[in-house]
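> Next one to model:
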Amino acid sequence: MKQEMRELILQQVKDGKLTIEEGMTQLERLEKLEPERMQALEEHQETEKVDAYSVESLTTKLTSAVDGLVTKLRDSDFSFSSNFGPEVTYSKSFPFTGKDILLDLFNASATIVSSDHDECELIVTGRPLRQQDADKALEQLQSAVKHSVIGDRLVISLRDKLVRAHVELYVPHHHFDHLNVQTLNGEVRADGIDVESFRVQTANGRVVLHEVHASEILVNTGNGTVEVEATESELVHVRTGNGSVIVNGKYDKASLKTGNGNIRAELATARPAKFEIASLAGNIRLVLPHGVEIEGELETNFGGLHCNLDDLEIVRDRKDVAQRRLEFLSGRGQTPRIEVEAGTRTGTIDLEHGSLHTPSTFLEEDKHEPTEPIDPVDPVNPADLNNPFHQQ
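Residues are numbered from 1 along each chain as shown. As a prediction, the model looks like this:
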């Protein structure tokens, strides 16, 4: 019965009736019935390998479903790109003293950079579809790019499906309230931005944030590596359906999840913090400062759990047929205090003290990770920060 439910969920993901995020959530809930079944199987050794295979097969089938979607997207994108015309550039400078910025894109990447200028500078480089004349291509690009200032809000829109583009926005160096970037297909980068709330959503594309100061950073990508480097924020919330997650800096809470990829997180300074980390198919590595109290729960089905921390006390170490769970306390009585909840299905979890690593260092370790496109996941819900491996 459970196997039939798994097949049904995977088929719904393939058909587009469920997003990757919804599919993973349902599979995780289904697997919560597994421990009771495992207890019974311990008395029947001849059937133990069946469930181990089924969980491993589950991950393989989900990855295969993702790969199928990847291939279709790549093939269609290749045939589509061959029809694009010459590359042209449109630029414009304009004053802006407001607090909110929205970039609403379709087939475009985006770069947002803080500058010392008093005005905003918008540079759009694009290639219109089936337009071989450069002058007409520029005219089509100019008509596709729309920007307006309404009150305190700057809106930049490029929703023309017949234009592939890269949008660069240079903004004055002051504090913003909201910065939202959304695109269907494209990479998103930001550097030196000071903002209360920073939201990024892309169905297919890498996200790279450098020296962003914010109260909350919310990133959601269907496919692509997410790098959050030298960042200071109260909350870092990252979701990717396929790709690694790399975070370092100063933050109070990190909620990081990937469907297929490794997760690397590092806290730059000793401060009170909470980590909620989950990978369906990938390793997790967490680097924490010395001189803090760390309380944690680690869980894996087919991997190892390694805690190389100071003054480590093992509270509970449970080893079942296809599940291992470790509860620990490190540096008892020290301040500040850090809480860790981390889980992976098929990967290994490592916790250690150490110095700051850069995203490029982590990426060198993870060259084997897949970075192919998949379907988008659900929009980020900042209120839904429950640990995906401990939901009741």
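
> who's in contact with residue 177?
By Cβ atoms under 8 Å, 6 or more residues apart in numbering, the residues touching residue 177 are 99-100, 152, 195-197. C-beta here means a position set from N, CA and C on the backbone, and glycine is covered the same way.

> what's the domain layout of this structure?
For the chain, automatic domain parsing gives the domain ranges 2-81, 84-184, 187-392.

> Please work out which of those domains is packed deepest.
Mean neighbour count (mean count of other Cβ atoms under 10 Å) peaks for domain 187-392 among the domains of the chain, with a mean of 20.

> Can you list the strands that the one helix or strand residue 254 maps to pairs with?
Using DSSP states H and E, residue 254 maps to strand 245-258. In the sheet, strand 245-258 lines up against strand 226-240 (parallel), strand 263-267 (parallel), strand 273-279 (parallel) (DSSP bridges).

> closest one to residue 308 among these?
Ranking these by their distance to residue 308 (criterion: Cβ to Cβ) puts strand 263-267 first, at 14.2 Å.

> so who does residue 283 touch?
Going by Cβ under 8 Å, 6+ apart, residue 283 touches 262-263, 303, 344, 347-350.

> any chance you could map the helices in this structure?
All helices of the chain, identified by DSSP state H, fall at 2-14, 20-31, 34-41, 48-81, 134-144, 359-365.

> which stretch in these is the model least sure about?
Lowest mean pLDDT within those: helix 34-41, a mean of 46.

> so which one among the contacts of residue 283 has the lowest pLDDT?
For the contacts of residue 283, the weakest pLDDT value sits at residue 303, with 92.

> How about that one: what's its closest non-neighbour residue?
For residue 303, ignoring the flanking residues on the chain, the nearest one in space by Cβ to Cβ, 6 or more residues apart in numbering is residue 348 at 4.1 Å.

> Then residue 132?
residue 85 (5.0 Å).

> tell me the two of the contacts of residue 177 that are most distant?
Using Cβ to Cβ, those reach their maximum pairwise distance at 152 and 197, which is 14.1 Å.

> Was I right to think the residue nearest to residue 303 contacts residue 301?
No: using Cβ atoms under 8 Å, residue 348 is not in contact with residue 301; the gap is 11.1 Å.

> can you list the weak-confidence ranges in this protein?
1-8, 10-24, 27-83, 355-392 (pLDDT under 70).

> Give me the phi and psi for the residue nearest to residue 132.
Per-residue torsions, residue 85: phi -90, psi -160 (degrees, to the nearest 10).

> That one and residue 166, how far apart?
15 Å (Cβ to Cβ, to the nearest Å).

> Next: residue 134.
Distance from residue 134 to residue 166, by Cβ to Cβ: 17 Å.

> cool, residue 123 as well?
With Cβ to Cβ as the criterion, residue 123 and residue 166 are 9 Å apart.

> Give me the spatial nearest neighbour of residue 155, chain neighbours excluded.
Nearest-residue entry for residue 155: residue 102, 4.9 Å, with adjacent residues in sequence omitted and distances by Cβ to Cβ, 6+ apart.

> so that neighbour makes contact with residue 150?
No: the criterion here is Cβ under 8 Å, and residue 102 misses it with residue 150 at 10.1 Å.

> Tell me what residue 102 is bridged to.
Beta-bridge partners recorded for residue 102 (DSSP bridges): residue 155, residue 180.

> Quick check: it vs residue 181, distance?
Per Cβ to Cβ, residue 102 is found 8 Å from residue 181.

> and if you look at residue 255?
Distance, residue 255 to residue 181, by Cβ to Cβ: 19 Å.

> give the contact list for the closest residue to residue 168 other than its chain neighbours.
In space, and not counting its chain neighbours, residue 168 is closest to residue 123: 4.2 Å by Cβ to Cβ, 6+ apart. By Cβ under 8 Å, 6+ apart, the contact list for residue 123 reads 89-91, 167-170.

> cutoff 7 Å now
Listed by Cβ atoms under 7 Å, 6 or more residues apart in numbering, the contact partners of residue 123 are 89, 91, 168.

> Kindly report the same for residue 317.
residue 326.

> Quick check: beta-bridge partners of it?
Beta-bridge partners of residue 317, as defined by DSSP bridges: residue 326.
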